[in-house]
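Q: Give me the fold of what follows.
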Amino acid sequence: MSFLVKIREKAREVQKSVVLPEGTDERVVTAAAKIVELGVAKPVVLGHRDDMERVANDLGISLRGVEIIEAKNPPKLETYAEKLAELRAKKGMTVEQAREILLNDPNFYGAMMVKMGDADAMVSGSDSPTADVLRAGLQIIGTRKGIKTVSSVFVMELTERQDTYGDVLLFGDCSVIPVPTSEQLADIAEASVITAEKVVGMKGKVALLTFSTKGSATHPDVDVVIEAGKILEERKVEFAYTAEVQADAALVKSVAMKKCPESKVAGNANILIFPNLAAGNIGYKLVQRLAGANAYGPLIQGLAAPINDLSRGCSVDDIVNLVAITAVQAAE
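A: This is a model prediction of the structure:
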């Protein structure tokens, strides 16, 4: 059974409400109708009802079962504004300023719905930069207790050579931290193992990637990855990992036997932690486009409630699939 089939089955079982704050995007309107059709979540869309119904009529789809929150006059604006001003009081925010933000930034209104228990989770980003989605999440939802680092991971479902690499790999961080420190790399590794277990049902085997394998090259960038491995050792983490390893040694057993035969993870890794955002972002897009892998995400890790980010180039199916994954996260 494929990852997507499993996720949709789980999502149908848990039936969580997911707010889609970008109802002005035709793809979101179409996706909301499909989410209802598939039964993977209860979609709540923030938008302009007349415009959404016009789009639905033009496309020949039904919005029956889609909860629509009128963006021009949202029903809980004053309650949310008071709460947002309270949350940002140390920054000097007034109720009037909070009201303006909620009326003009749908990501903030959507995040406030999650904060106030009016939705279980949020998916946004089809019409917003990642930074805007994260800002709303951080300022309103905040991080989980004990978490310092907010990061992301992509679930990469392979369509070729599963006998060599397995069905699913996780790639992190591909969209949040441009140049992570050693401590942040360790945090990303830990968070990704949790995501692997809760979302994929997979026991994580982590490879912290760089352009050196066990001393084959020396460089300050390599030292950052080596130090991340030492931090994981100090934390006495329970998952298997290897630090300072090249991608081929992490994934291919025959290469691992030559480069680092003593490693129990090399050649068998299923979670790849990239040394920086450039490598991670480029890496997942290459695997997606050249190898035909299905890329689900990015899943944001470390927030107190699930808020996930879409690529602005996403398709309707991308939205539907990420909503299903987010619903499963909300059930954990």
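Q: Number of residues surrounding Met93?
A: Counted by other Cβ atoms under 10 Å, the residues lying close to Met93 total 17. C-beta coordinates here come from the backbone N, C-alpha and C atoms, glycine included.
Q: what's in contact with the helix or strand hosting Thr326?
A: Using DSSP states H and E, Thr326 sits in helix 316-330. Here helix 316-330 makes contact (Cβ atoms under 8 Å, 6 or more residues apart in numbering) with 4, 7-8, 10-11, 14-16, 18, 20, 27-28, 30-31, 34-35, 38, 40-41, 43, 120-123, 126, 155, 198-199, 296-297, 299, 305-306, 308, 310-311, 314.
Q: Let me see the mean pLDDT of it.
A: For helix 316-330, mean pLDDT is 95.
Q: re the thing from before, make a PyMOL selection of the buried ones in the contacts of helix 316-330.
A: What follows is the PyMOL syntax selecting those of the contacts of helix 316-330 that are buried according to 16 or more other Cβ atoms under 10 Å:
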select buried, resi 4+7+8+10+11+14+16+18+20+27+28+30+31+34+35+40+41+43+120+121+122+123+126+155+199+296+297+299+305+306+308+310+311+314
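Q: quick one, strands of this structure?
A: Ranges of strands in the chain, per DSSP state E, are 17-20, 42-47, 67-70, 121-124, 151-157, 168-172, 205-209, 240-245, 271-273, 294-301, 307-309.
Q: buried residues in the worst-scoring helix or strand of the chain on mean pLDDT?
A: One helix or strand of the chain scores below all others by mean pLDDT, DSSP states H and E: helix 162-165, with a mean of 84. Within helix 162-165, the residues that count as buried by 16+ other Cβ under 10 Å are Tyr165.
Q: now do stretch 169-187
A: 169-177, 180, 182, 184-187.
Q: mind showing which ranges of the chain have poor pLDDT?
A: Along the chain, no part satisfies pLDDT under 70.
Q: what's the distance between the residue positioned nearest the centre of it and Val29?
A: For the chain, Leu299 is the residue whose C-alpha lies nearest the centre (Cα atoms, centre = their mean; 1.0 Å). Counting by Cβ to Cβ, to the nearest Å, the gap between Leu299 and Val29 amounts to 23 Å.
Q: swap in Cys174?
A: Counting by Cβ to Cβ, the separation of Cys174 from Val29 is 27 Å.
Q: Check Gly313 too.
A: The value you get for Gly313 to Val29, if Cβ to Cβ is used, is 17 Å.
Q: Could you check which of the two has the larger neighbour count?
A: Using other Cβ under 10 Å, the more surrounded residue of Gly313 and Val29 is Val29, with 29 against 7.
Q: which residues in the stretch 151-300 of the chain form helices?
A: 162-165, 182-195, 220-235, 247-251, 253-259, 277-290 (DSSP state H, counting those that start in this stretch).
Q: In the longest one, which residues are buried?
A: Read it as helix 220-235. For helix 220-235, by 16+ other Cβ under 10 Å, it's 222, 224-229, 231-232.
Q: Give the residue farthest from the middle of the protein.
A: Distance-from-mean max, the chain, by Cα atoms, centre = their mean: Lys258 at 34.7 Å.
Q: contacting residues around that one?
A: With Cβ under 8 Å, 6+ apart, Lys258 has no contacts at all.
Q: next one: Gly215
A: Glu244.
Q: Please repeat the previous calculation with a cut-off of 10 Å.
A: 222, 226, 244, 260 (Cβ atoms under 10 Å, 6 or more residues apart in numbering).
Q: thought the third one was touching Leu232?
A: Translated: Glu244. No - assessed by Cβ atoms under 10 Å, Glu244 is found out of contact with Leu232, at 11.9 Å.
Q: who touches both of these two?
A: Common contact partners of Glu244 and Leu232 (Cβ under 10 Å, 6+ apart): Leu208.
Q: how much space between Leu209 and Ala249?
A: Taking Cβ to Cβ, one finds Leu209 at 9 Å from Ala249.
Q: ugh, wrong one, Ser152
A: Ser152 is 24 Å from Ala249, by Cβ to Cβ.
Q: Ser175 too?
A: Relative to Ala249, and taking Cβ to Cβ, Ser175 is found at 25 Å.
Q: Neighbours of Thr24, how many?
A: 18.
Q: Then Asp248?
A: So Asp248, with other Cβ under 10 Å, has 15 neighbours.
Q: And the spatially closest residue to it that is not a sequence neighbour, how far from Gly267?
A: Of all residues not flanking Asp248 in the chain, Val255 sits nearest, at 4.6 Å (Cβ to Cβ, 6 or more residues apart in numbering). According to Cβ to Cβ, Val255 and Gly267 sit 7 Å apart.
Q: so what sits against both of the two?
A: 245, 248-249.
Q: ok so, going back, and the strands of the chain: which comes nearest Ile101?
A: strand 42-47 (13.8 Å; Cβ to Cβ).
Q: and the closest one with helix 316-330, angle?
A: Angle of strand 42-47 versus helix 316-330, following axes from the mean of the first three to the mean of the last three Cα atoms, to 10 degrees, is 120 degrees.
Q: List the contacts of the nearest residue to Leu232 once chain neighbours are set aside.
A: For Leu232, ignoring the flanking residues on the chain, the nearest one in space by Cβ to Cβ, 6+ apart is Ala186 at 5.1 Å. Applying Cβ under 10 Å, 6+ apart, we find Ala186 in contact with 149, 180, 206, 208, 227-235, 237, 241, 243, 273.
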